[in-house]
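> here is the input, now give the coordinates:
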Amino acid sequence: MNAHSGRLASLRSALPFGSGGTRPDDAPVNPSADTGTNSARAARDGEPLLELRGIAKQFPGVRALDGVSFAVRAGEVHMLLGENGAGKSTLMKVMSGVYRADEGTFMHLGQPVQIQSPKDAQALGVAVIYQEFSLVPHLDIAQNIFIGREYPGRLPGTIDNARAHIEAKKVLDLLGFDCDTHTPVERLGVAQQQMVEIAKALSQRARILVMDEPTAPLSERETENLFRVIRMLKQDGVAIVYISHRMSEVFALGERITVLRDGRMVGATRPADTTPAELVRMMVGRDVDLTYARRFCDTPGQPALVMRGVHSPNGIHDVNLEVRAGEIVGLAGLVGSGRSEVARAAFGIDPVSAGEVDVFGKRRRGEPHESVKLGMALIPESRKHEGLAVTRSVGDNLMLSGLGKLFPGGWFRPREARQLARDMIAELRIATPTVGRRTAFLSGGNQQKIVIGKWLATEARLLIFDEPTRGIDVGAKAEIFALISKLVEEGAAVLLISSELPEIVHVCDRAYVMREGTVAGHLNRDQLSEENLLALGMHDA
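Residues are numbered from 1 along each chain as shown. So this is what the prediction gives:
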């Protein structure tokens with residue numbers, strides 16, 4: 001065991017486990033959450049830590065899982081792939097006890113067990129980092145990490161908050177995340193909240209750790225830290241189930257791969273025995289172009305968005321950029337560099353304290369509703385909190401932004417609205433049983449398609465896409481980029497914000513790079529490369 005792994009094992013043994021505020025020295029004996037003895041034996045014997053056999057799960061109108069078998073082994077990273085809506089998240093929720101399986105059995109270290117609640121799964125050492133966060137916004141970082149597992153104080157009924165902050169700092173240091181543990185989670189960015197979710201899972205001393213798109217909101221540096229932690233966990237005998245749409249991660253981390261399609265297992269393989277193209281074919285049942293091919297714009301039209309010397313209380317200052325009709329302009333930079341803040345200021349969500357924002361030659365002075373009238377649309381980074389009414393139906397969400405355009409007389413026609421929604425569902429390949437399905441029940445990727453679709457109904461001519469492919473499978477990525485290319489070919493202007501540098505390089509006509517709240521540089525088409533983007537975006541450049 002190396003020094004890093006030893007430090008991890010020491011940290012894990014010092015953290016509380018279970019619920020009810022149990023002190024570490026009083027923690028219940030749990031063979032799945034011990035120092036790794038059973039995990040090591042399972043690895044030596046080749047016996048799965050946890051095995052799911054013939055799992056089925058039915059929802060109204062949808063058979064989400066149909067006879068799926070899946071096994072996780074100690075000390076390995078098992079990649080779980082599939083399109084959005086293929087059943088990956090449902091399978092993980094069955095494994096973690098959030099959903100009860102309608103059919104199938106569970107085996108733990110070769111013995112049959114029941115998983116009917118999250119408590120059952122936690123007793124087996126299962127912890128999950130979901131794609132959609134489960135944090136309490138008004139609580140601080142330490143409180144979120146140990147929520148439900150607080151350290152008891154000296155007096156009955158009290159909590160030892162001081163120790164919670166000490167232990168939380170240890171976990172954050174392990175992740176390389178330098179942040180005051182007293183900070184309320186609501187003040188953190190998306191990437192920082194993801195690190196808190198990861199810290200919370202690590203603090204549970206899990207023997208089986210499920211990660212659902214963990215790097216989607218992370219920068220390259222934060223991703224490297226996460227990969228380092230994953231390798232340490234493997235050495236400690238932890239089994240890791242890793243859901244990802246990034247092929248580079250599949251081949252860099254994975255030791256086994258299981259592919260789901262339409263709720264069924266369609267294949268299992270190892271990275272050495274397959275290729276990205278073969279995996280995509282298994283996922284979607286057809287060949288998909290992964291090259292981001294498009295016809296670049298040589299002669300852009302009139303300016304659609306011009307920002308001159310823009311300052312905002314959200315942290316950006318002296319921002320200058322221009323986007324013209326018929327082109328895709330990238331906005332790159334590290335997480336926290338001010339990319340999303342530029343989008344919010346341009347759209348009118350955050351105020352502009354100095355400078356000018358012109359949209360199609362007209363000065364934008366008001367709030368988002370004025371921006372929509374000028375022909376703007378914003379697909380935000382956080383679809384759940386800023387892009388959707390998740391308690392409303394798919395049809396309601398698709399119609400929401402375009403009501404004024406679709407029904408200019410003020411009379412809403414339900415039958416016509418339903419048909420328009422059905423047409424958009426078919427065009428965007430949104431996986432939903434009906435137009436009336438509640439949006440909260442759809443996968444993250446399908447929710448993202450709805451966010452894009454609702455703006456298409458407004459016939460916007462200037463679209464700002466903030467991380468449009470976050471949590472999107474490769475097939476849907478190709479469809480979204482094809483849609484964006486079609487929009488610009490028809491004369492629209494697009495500002496594309498992305499943390500994935502290959503997207504900026506291969507999709508954009510040119511790009512601006514943010515650093516510390518301002519534009520650090522501009523790259524023309526012939527200058528676009530990952531190296532140049534990183535050089536401009538790094539804080540020590």
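
> for the nearest residue to Val98 once chain neighbours are set aside, grab phi and psi.
Spatially, and ignoring its direct neighbours in sequence, Val98 is nearest to Pro118 (6.2 Å; CB to CB, 6 or more residues apart in numbering). In this view, the C-beta of every residue, glycine as well, is placed from N, C-alpha and C. Backbone torsions of Pro118, given as degrees, to the nearest 10, read phi -60, psi -30.

> isn't Pro118 right up against Gly97?
Yes: between Pro118 and Gly97 a contact is recorded at 4.3 Å, counting by CB atoms under 8 Å.

> comparing these two, which residue is more hemmed in?
Under the criterion of other CB atoms under 10 Å, the comparison of Pro118 against Gly97 puts Gly97 first, with 21 against 15.

> and the more buried one, how far from Leu50?
Look at Gly97 and Leu50: by CB to CB, to the nearest Å, they are 12 Å apart.

> joint contacts of these two?
Common contacts of Gly97 and Leu50, defined by CB atoms under 8 Å, 6 or more residues apart in numbering, comprise Val126.

> farthest residue from the center of this structure?
Leu155 (41.0 Å; CA atoms, centre = their mean).

> assign it to helix, strand or coil.
With DSSP: H, G, I helix; E, B strand; the rest coil as the basis, Leu155 sits in coil.

> give me the domain ranges for this protein.
Using automatic domain parsing, the domain ranges for the chain come out as 3-284, 298-375+460-541, 389-459.

> just put those domains in a markdown table and tack on distance to Arg383 and mean pLDDT.
Shown next, in a markdown table, are these (distance: least, CB to CB, whole Å; pLDDT from 0 to 100):
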| stretch | distance to Arg383 | mean pLDDT |
| --- | --- | --- |
| domain 3-284 | 9 | 81 |
| domain 298-375+460-541 | 8 | 89 |
| domain 389-459 | 5 | 84 |
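
> turn those into a markdown table, including distance to Ser382.
As requested, the domains of the chain are exported to a markdown table (distance: least, CB to CB, whole Å):
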| stretch | distance to Ser382 |
| --- | --- |
| domain 3-284 | 6 |
| domain 298-375+460-541 | 9 |
| domain 389-459 | 10 |
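
> who's in contact with the residue lying closest to Thr458 once chain neighbours are set aside?
Nearest residue to Thr458 in three dimensions, chain neighbours excluded: Gly402, at 4.6 Å (CB to CB, 6+ apart). Gly402 makes contact with Lys454, Trp455, Leu456, Ala457, Thr458, Glu459, according to CB under 8 Å, 6+ apart.

> measure the residue nearest to Val98 to Ile208 for me?
13 Å.

> check Thr90 too.
Thr90 is 17 Å from Ile208, by CB to CB.

> those two: which has the busier surroundings?
Using other CB under 10 Å, the more surrounded residue of Thr90 and Ile208 is Ile208, with 27 against 23.

> so the more buried one bridges to which residues?
Val126, Ala239 (DSSP bridges).

> correct me if wrong: it contacts Val126.
Yes: using CB under 8 Å, Ile208 is in contact with Val126, at 4.7 Å.

> show me the common contact partners of the two, please.
With CB under 8 Å, 6+ apart, Ile208 and Val126 have common neighbours Leu50, Met95.

> all helices for the stretch 351-500 of the chain, in order.
Along the stretch 351-500 of the chain, counting by DSSP state H, counting those that start in this stretch, helices occupy 368-373, 394-400, 403-406, 414-428, 444-456, 474-489.

> Leu226: how many residues sit nearby?
Using other CB under 10 Å, Leu226 is surrounded by 22 other residues.

> for the helix or strand that contains it, output the C-alpha coordinates as PDB.
Taking DSSP states H and E as the definition, Leu226 sits inside helix 220-235. Provided in PDB are the C-alpha atoms of helix 220-235 (Å, rounded to 0.1, in the frame of the first residue of the first chain):
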ATOM      1  CA  GLU A 220      -9.400  19.600 -16.400                       C
ATOM      2  CA  ARG A 221      -7.500  20.200 -13.100                       C
ATOM      3  CA  GLU A 222     -10.400  19.100 -10.900                       C
ATOM      4  CA  THR A 223     -10.900  16.000 -13.100                       C
ATOM      5  CA  GLU A 224      -7.300  15.000 -12.700                       C
ATOM      6  CA  ASN A 225      -7.800  15.300  -8.900                       C
ATOM      7  CA  LEU A 226     -10.800  13.100  -9.100                       C
ATOM      8  CA  PHE A 227      -9.000  10.500 -11.200                       C
ATOM      9  CA  ARG A 228      -6.200  10.500  -8.600                       C
ATOM     10  CA  VAL A 229      -8.800   9.800  -5.800                       C
ATOM     11  CA  ILE A 230     -10.400   7.000  -7.900                       C
ATOM     12  CA  ARG A 231      -7.000   5.300  -8.200                       C
ATOM     13  CA  MET A 232      -6.500   5.500  -4.500                       C
ATOM     14  CA  LEU A 233      -9.900   4.100  -3.800                       C
ATOM     15  CA  LYS A 234      -9.200   1.200  -6.100                       C
ATOM     16  CA  GLN A 235      -6.000   0.400  -4.200                       C
END
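
> leaving out chain neighbours, which residue sits closest to Phe407?
Sequence neighbours aside, Arg413 is the residue nearest to Phe407 in space, at 6.7 Å (criterion: CB to CB, 6+ apart).

> quick one, phi psi at the one you found?
The phi and psi torsions at Arg413 (degrees, to the nearest 10) take the values phi -110, psi 100.

> how much space separates it from Asp396?
According to CB to CB, Arg413 and Asp396 sit 14 Å apart.

> out of those two, which sits in the busier spot?
Taking neighbours as other CB under 10 Å, Arg413 and Asp396 compare with Asp396 leading, 19 against 12.

> which ones are touching that one?
Asp396 makes contact with Ala389, according to CB under 8 Å, 6+ apart.

> and what of Gly326?
Counting by CB under 8 Å, 6+ apart, Gly326 makes contact with Cys297, Thr299, Pro300, Gly301, Val488, Glu489, Gly491, Ala492, Ala493.

> ok so, going back, of the helices of the stretch 351-500 of the chain, which is nearest Ser244?
For these, proximity to Ser244 was assessed by CB to CB; helix 474-489 is nearest, at 10.4 Å.

> next, the buried residues of that closest one.
With burial defined by 16 or more other CB atoms under 10 Å, the residues of helix 474-489 counted as buried are 474-481, 483-485, 487-488.

> ok, now stretch 47-60?
Across stretch 47-60, burial judged by 16+ other CB under 10 Å covers Glu47, Pro48, Leu49, Leu50, Glu51, Leu52, Ile55, Ala56, Lys57.

> out of those, who's nearest Leu139?
So of the buried residues of stretch 47-60, ranked by how close each gets to Leu139 (CB to CB), first place is Leu50, at 30.6 Å.

> I figured that closest one hits Met95, correct?
Yes: if you go by CB under 8 Å, Leu50 and Met95 touch, sitting 7.2 Å apart.

> fine, thanks again, bye for now.
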